[in-house]
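[1] With the input below, show me the fold.
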Amino acid sequence: MEDFASACKKHAYIQGYADCVQVLYHMGLLKENEGLKWTEKVDVR
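    Okay, the predicted model is just below:
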């Protein structure tokens, strides 16, 4: 049960980080690198 809870916390943390980066990108504060592209859906599991 503790392993599952830990995995859920990590998933939520990573998803929050990804959401923050996307917000900054759409606000124009971050620019896309040529080598990195946004995907339609990010699965962080």
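
[2] what ranges do the helices span in this protein?
    Here the chain has its helices, by DSSP state H, at 2-26.

[3] average pLDDT across stretch 35-45?
    Over the span of stretch 35-45, the pLDDT mean works out to 62.

[4] for this protein, which spans come out with low pLDDT?
    Counting by pLDDT under 70, the ranges of the chain that qualify are 36-45.

[5] Tell me how far the most centrally placed residue in it lies from residue 12.
    Nearest residue to the geometric centre of the chain (CA atoms, centre = their mean): residue 18, 1.9 Å. Using CB to CB, to the nearest Å, residue 18 is found at 11 Å from residue 12. For glycine as for every other residue, the C-beta is placed from the backbone atoms N, C-alpha and C.

[6] ditto for residue 30
    Per CB to CB, residue 30 is found 22 Å from residue 12.

[7] what's the answer for residue 27, then?
    Noted for residue 27: a distance of 22 Å to residue 12, by CB to CB.

[8] Tell me which of these two has more neighbours.
    residue 12 (11 against 8; other CB atoms under 10 Å).

[9] measure the more buried one to residue 5 for me?
    Remark: distance between residue 12 and residue 5 (CB to CB) = 11 Å.

[10] again, but for residue 22
    Residue 22 is 26 Å from residue 5, where distance means CB to CB.

[11] Looking at the two now, which is surrounded by more residues?
    Remark: of residue 22 and residue 5, residue 22 carries more neighbours, 13 against 9, as counted by other CB under 10 Å.

[12] measure that one to residue 9 for me?
    According to CB to CB, residue 22 and residue 9 sit 21 Å apart.

[13] what do you get for residue 15?
    Counting by CB to CB, the gap from residue 15 to residue 9 is 11 Å.

[14] So between the two, which is more surrounded?
    residue 15 (13 against 10).
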